[in-house]
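sequence unavailable; structure follows:
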(Lines give C-alpha, C1' and ligand atoms only; values in the text may rest on other atoms or scores of the structure.)
Protein backbone atom coordinates (compact mmCIF):
# COMPACT_ATOMS: atom_id res chain seq x y z
CA UNK A 1 0.00 0.00 0.00
CA UNK A 2 1.42 3.39 -1.04
CA UNK A 3 -0.40 6.63 -0.27
CA UNK A 4 -3.44 4.66 0.84
CA UNK A 5 -3.66 2.69 -2.44
CA UNK A 6 -2.93 -0.97 -3.07
CA UNK A 7 -0.35 -0.81 -5.85
CA UNK A 8 0.51 -4.51 -6.13
CA UNK A 9 -1.00 -7.56 -4.51
CA UNK A 10 1.44 -10.49 -4.62
CA UNK A 11 3.43 -12.90 -2.43
CA UNK A 12 6.46 -11.28 -0.69
CA UNK A 13 8.99 -12.93 -3.02
CA UNK A 14 7.24 -11.56 -6.10
CA UNK A 15 6.93 -8.08 -4.55
CA UNK A 16 10.68 -8.12 -3.93
CA UNK A 17 11.88 -9.76 -7.15
CA UNK A 18 9.29 -8.41 -9.61
CA UNK A 19 7.82 -5.16 -8.26
CA UNK A 20 5.19 -3.55 -10.47
CA UNK A 21 6.61 -0.05 -9.99
CA UNK A 22 9.71 1.74 -8.76
CA UNK A 23 7.71 2.84 -5.70
CA UNK A 24 6.91 -0.79 -4.81
CA UNK A 25 10.57 -1.76 -5.36
CA UNK A 26 11.88 0.85 -2.94
CA UNK A 27 9.05 0.27 -0.44
CA UNK A 28 10.02 -3.38 0.06
CA UNK A 29 13.80 -2.89 0.05
CA UNK A 30 16.88 -1.10 -1.21
CA UNK A 31 17.24 -1.01 -4.98
CA UNK A 32 19.54 0.38 -7.65
CA UNK A 33 18.08 1.65 -10.92
CA UNK A 34 20.50 1.61 -13.84
CA UNK A 35 19.63 3.49 -17.03
CA UNK A 36 19.88 1.26 -20.09
CA UNK A 37 18.70 0.73 -23.65
CA UNK A 38 16.56 -2.38 -24.09
CA UNK A 39 16.75 -4.65 -27.12
CA UNK A 40 14.42 -7.58 -26.54
CA UNK A 41 15.35 -9.43 -23.35
CA UNK A 42 18.71 -7.68 -22.93
CA UNK A 43 19.49 -4.09 -21.95
CA UNK A 44 22.80 -2.38 -22.71
CA UNK A 45 24.08 -0.30 -19.79
CA UNK A 46 27.23 1.18 -18.31
CA UNK A 47 27.60 -2.24 -16.62
CA UNK A 48 27.40 -4.03 -19.96
CA UNK A 49 24.50 -6.23 -21.06
CA UNK A 50 21.85 -6.88 -18.40
CA UNK A 51 19.16 -9.57 -18.71
CA UNK A 52 15.53 -8.45 -18.62
CA UNK A 53 12.62 -10.54 -17.31
CA UNK A 54 10.43 -9.52 -20.24
CA UNK A 55 11.08 -8.15 -23.71
CA UNK A 56 11.35 -4.36 -24.07
CA UNK A 57 12.58 -1.84 -26.61
CA UNK A 58 14.06 1.59 -25.95
CA UNK A 59 15.15 3.37 -22.75
CA UNK A 60 14.58 1.47 -19.49
CA UNK A 61 15.68 1.55 -15.85
CA UNK A 62 16.94 -1.84 -14.75
CA UNK A 63 16.46 -2.66 -11.07
CA UNK A 64 19.36 -4.39 -9.36
CA UNK A 65 19.10 -5.29 -5.68
CA UNK A 66 22.28 -4.50 -3.69
CA UNK A 67 22.72 -8.13 -2.60
CA UNK A 68 22.68 -9.21 -6.27
CA UNK A 69 25.81 -7.20 -7.09
CA UNK A 70 29.14 -9.04 -7.27
CA UNK A 71 32.37 -7.05 -7.10
CA UNK A 72 35.66 -8.15 -8.63
CA UNK A 73 38.74 -5.95 -8.17
CA UNK A 74 40.10 -4.85 -11.55
CA UNK A 75 42.55 -1.95 -11.72
CA UNK A 76 41.54 -1.30 -15.35
CA UNK A 77 37.81 -1.07 -14.58
CA UNK A 78 36.18 2.37 -14.83
CA UNK A 79 34.04 1.85 -11.70
CA UNK A 80 35.43 2.36 -8.18
CA UNK A 81 34.39 2.11 -4.54
CA UNK A 82 33.63 5.48 -2.94
CA UNK A 83 32.18 4.29 0.38
CA UNK A 84 32.36 1.20 2.58
CA UNK A 85 30.14 0.61 5.63
CA UNK A 86 30.57 -2.44 7.86
CA UNK A 87 27.35 -3.89 9.35
CA UNK A 88 28.67 -7.05 11.02
CA UNK A 89 27.14 -9.75 8.80
CA UNK A 90 27.65 -7.72 5.64
CA UNK A 91 29.32 -4.68 4.16
CA UNK A 92 27.62 -2.02 2.07
CA UNK A 93 29.71 -0.60 -0.75
CA UNK A 94 28.84 2.45 -2.85
CA UNK A 95 30.44 2.25 -6.29
CA UNK A 96 30.70 5.20 -8.66
CA UNK A 97 30.04 3.92 -12.16
CA UNK A 98 31.76 5.47 -15.17
CA UNK A 99 28.65 7.54 -16.00
CA UNK A 100 28.47 8.96 -12.45
CA UNK A 101 25.65 6.68 -11.26
CA UNK A 102 26.10 5.35 -7.71
CA UNK A 103 25.57 1.60 -7.38
CA UNK A 104 24.97 0.12 -3.91
CA UNK A 105 26.25 -3.38 -3.19
CA UNK A 106 25.85 -5.53 -0.07
CA UNK A 107 28.39 -8.32 0.32
CA UNK A 108 29.46 -10.68 3.10
CA UNK A 109 31.60 -8.98 5.73
CA UNK A 110 34.73 -10.90 4.69
CA UNK A 111 34.90 -8.83 1.48
CA UNK A 112 37.80 -6.54 2.34
CA UNK A 113 37.81 -4.08 -0.54
CA UNK A 114 39.07 -0.62 0.43
CA UNK A 115 37.68 2.70 -0.79
CA UNK A 116 39.24 3.57 -4.13
CA UNK A 117 39.35 -0.04 -5.38
CA UNK A 118 38.44 -0.22 -9.06
CA UNK A 119 35.90 -2.97 -9.64
CA UNK A 120 34.09 -4.85 -12.31
CA UNK A 121 30.65 -6.07 -11.29
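That came through, no problem. All of these numbers come straight from a predicted model, not from anything done at the bench. Numbers count the residues shown, from 1 in each chain.

and the lengthiest strand in the chain, what other elements does it pack with?
With secondary structure taken from DSSP state E, the chain has its longest strand at strand 48-64. Applying 3 or more C-beta pairs under 8 Å, 6 or more residues apart in numbering; DSSP states H and E, we find strand 48-64 packed against helix 22-28, strand 32-45. In this view, the C-beta of every residue, glycine as well, is placed from N, C-alpha and C.

beta partners of the residue nearest to residue 74 when sequence neighbours are not counted?
Excluding the flanking residues, the one nearest residue 74 by C-beta to C-beta, 6 or more residues apart in numbering is residue 120, at 4.3 Å. Assessed by DSSP bridges, residue 120 has beta-bridge partners residue 72.

can you pull the contacts of residue 120?
Listed by C-beta atoms under 8 Å, 6 or more residues apart in numbering, the contact partners of residue 120 are 71, 72, 74, 77, 79.

okay, the helices and strands packed on strand 48-64 in JSON lines with distance to residue 3 and mean pLDDT next?
JSON lines is the format used below for the helices and strands packed on strand 48-64 (distance: least, C-beta to C-beta, whole Å; pLDDT from 0 to 100):
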{"stretch": "helix 22-28", "distance to residue 3": "9", "mean pLDDT": "94"}
{"stretch": "strand 32-45", "distance to residue 3": "20", "mean pLDDT": "97"}
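
so which of the ones you listed is nearest residue 14?
Among the helices and strands packed on strand 48-64, helix 22-28 comes nearest to residue 14, with 10.1 Å by C-beta to C-beta.

just how off-centre is the closest one within its chain?
13 Å (C-alpha atoms, centre = their mean, to the nearest Å).

about what we covered before: output the helices and strands packed on strand 48-64 in a markdown table, with mean neighbour count and distance to residue 59 appended to each entry.
Converted to a markdown table, these look like this (neighbours: other C-beta atoms under 10 Å; distance: least, C-beta to C-beta, whole Å):
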| stretch | mean neighbour count | distance to residue 59 |
| --- | --- | --- |
| helix 22-28 | 15 | 14 |
| strand 32-45 | 16 | 6 |
